[in-house]
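Okay, here's the prediction I keep looking at, along with the sequence it came from:
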Amino acid sequence: MAVSREHSPYDAELPSTAPAGSLVLEKGNIHSLAATGCLLYGGFDSKNIRVWKNQQDFAEFKSSSGFVKAIVVAADRVFTGHQDGKIRAWKVSPKDATVYKRIGNLPRLKDILWSSLNPSNYVEARRHSSALWIRHSDAISCLSLNEEQGLLYSGSWDRTFKIWRISDSRCLESVVAHDDTINSIVAAVSGLVFTGSADGTVKVWRRELHGKGTKHAPVQTLLKQEWAVTSLAISPTAPVVYCGSSDGLINFWEGEQHLVHGGVLQSHKMAVLCLVASGNLLLSGSADTTICVWRREGAVHTCLSVLSGHAGPVKCLATAPDAGGDEDGGSGATRWTVYSGSLDKSVKLWRVSEQAPEALLRGPQLVPVGPGDSKAC
């Protein structure tokens, strides 16, 4: 596939920043991040979930097994997806905001027991074994929310994605979606769901009414390639879907219902491991240890800068609106706080702007680990 040179960051020298500080964690590599309000959640291969408030160490809770591969926050609940194939639900204690209590697993034990009584609820799993359709038989690789519909989506190495009703933690549907592991899933407000797989495909699914419930039907295959699809993101400001792959390229598609290929972004020299879209910006993290900041203007994407500072692959990204005040010379440009987690056991904090490259970036700041006073959200 040809790469449009106008999209390439290598056509001219780009601003690059070096780290001004780093949090080195002794608890393991970080695999997932989620930001909401003034809180940042981080998931580790040590099975720990760590919480920062206003960039200050705030809380920590731990699962009994399976390192944390995905985190999403739905109102007052935190859902974590684990290597052991389980989804765990957590809630903050009403008596102590630094204490998180596990309130259950998905699927619920009573649903497992009830389903196990009926042989028709068993489906073929990998390695010539059978499993209940409501349970993932391999690692949870990704989670996504449709908060408007009250649904949680989980993607797994078992090649399926499942749909859960958040209100009662029930599994509503299981879809065998790909020929290999599902690496990324994104649910759109429109009712469309996008899945990306190690089989090299990106598929689009639509939630449709089916009797008293809903079913997800395939409507489009956006990509078929040799390289694994590693990450997906949806622009919050335009009907644009992004796909990162193990060849270091980012494909994107545009359109409300039927999506059309818009181009290819050449941003990295190694696999793209994570994507996040905020405002008119797209950020991509890579196995080459860098983060590329893209700005979208219509169908044109420009790589504004490359963030350098990690010593290992950038595994996850999260963003939040920056509340640091107008430091862009009164430009009024939208600013974002970007968190990056790496297999170098560090989390870095960056502030990026949708302004021109000259005023784009302020280098990563220290995310403190020690106890400290936290500001109110």
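Sure, I can see it. Numbering: from 1, shown residues only.

from the middle of its chain, how far away would the longest strand anywhere in the chain be?
Counting residues, the longest strand found in the chain (DSSP state E) is strand 213-224. How far strand 213-224 lies from its chain's middle: 20 Å, per C-alpha atoms, centre = their mean, to the nearest Å.

Could you shift the numbering so residue one becomes 891, and keep it that way?
Shifting the count to begin at 891 puts that one at strand 1103-1114.

What strands line up against the helix or strand following it, and which way round?
Note on strand 1103-1114: by DSSP states H and E, the next helix or strand toward the C-terminus is strand 1119-1124. Next to strand 1119-1124 in the sheet, as set by DSSP bridges, lie strand 1130-1135 (antiparallel).

just the angle between the strand it pairs with and strand 1103-1114, please?
60 degrees (axes from the mean of the first three to the mean of the last three C-alpha atoms, to 10 degrees).

Show me the contact partners of strand 1130-1135.
Strand 1130-1135 has contacts (C-beta atoms under 8 Å, 6 or more residues apart in numbering) with 1076, 1084, 1086, 1090, 1092, 1112-1113, 1115, 1117-1125, 1140-1144, 1149, 1152, 1161-1165, 1167, 1172, 1174, 1186. For glycine as for every other residue, the C-beta is placed from the backbone atoms N, C-alpha and C.

Just give the nearest non-adjacent residue to S1121, would you?
In space, and not counting its chain neighbours, S1121 is closest to G1134: 4.0 Å by C-beta to C-beta, 6 or more residues apart in numbering.

Give me the neighbour count for that neighbour.
30 (other C-beta atoms under 10 Å).

Quickly note the distance from it to A1078.
According to C-beta to C-beta, to the nearest Å, G1134 and A1078 sit 17 Å apart.

cool, C1206 as well?
21 Å.

Which one's more surrounded, the two?
C1206 (25 against 16).

show me what contacts the more buried one?
Contacts of C1206 by C-beta under 8 Å, 6+ apart are I920, H921, S922, L923, L1163, C1164, G1175, S1230, G1231.

Can you name the helix or strand that the fifth one falls in?
Element membership for L1163 (DSSP H and E) is strand 1162-1168.

Tell me which other helices or strands that strand touches.
strand 1119-1124, strand 1130-1135, strand 1139-1144, strand 1171-1176, strand 1204-1211 (3 or more C-beta pairs under 8 Å, 6 or more residues apart in numbering; DSSP states H and E).

Would you format those strands as JSON lines with distance to S1006 included?
Formatted as JSON lines, these follow (distance: least, C-beta to C-beta, whole Å):
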{"stretch": "strand 1119-1124", "distance to S1006": "33"}
{"stretch": "strand 1130-1135", "distance to S1006": "38"}
{"stretch": "strand 1139-1144", "distance to S1006": "41"}
{"stretch": "strand 1171-1176", "distance to S1006": "40"}
{"stretch": "strand 1204-1211", "distance to S1006": "35"}
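
and these as TSV, adding distance to D1001 and mean pLDDT?
Below are the helices and strands packed on strand 1162-1168 laid out as TSV (distance: least, C-beta to C-beta, whole Å; pLDDT from 0 to 100):
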stretch	distance to D1001	mean pLDDT
strand 1119-1124	29	98
strand 1130-1135	33	98
strand 1139-1144	36	97
strand 1171-1176	36	97
strand 1204-1211	30	96
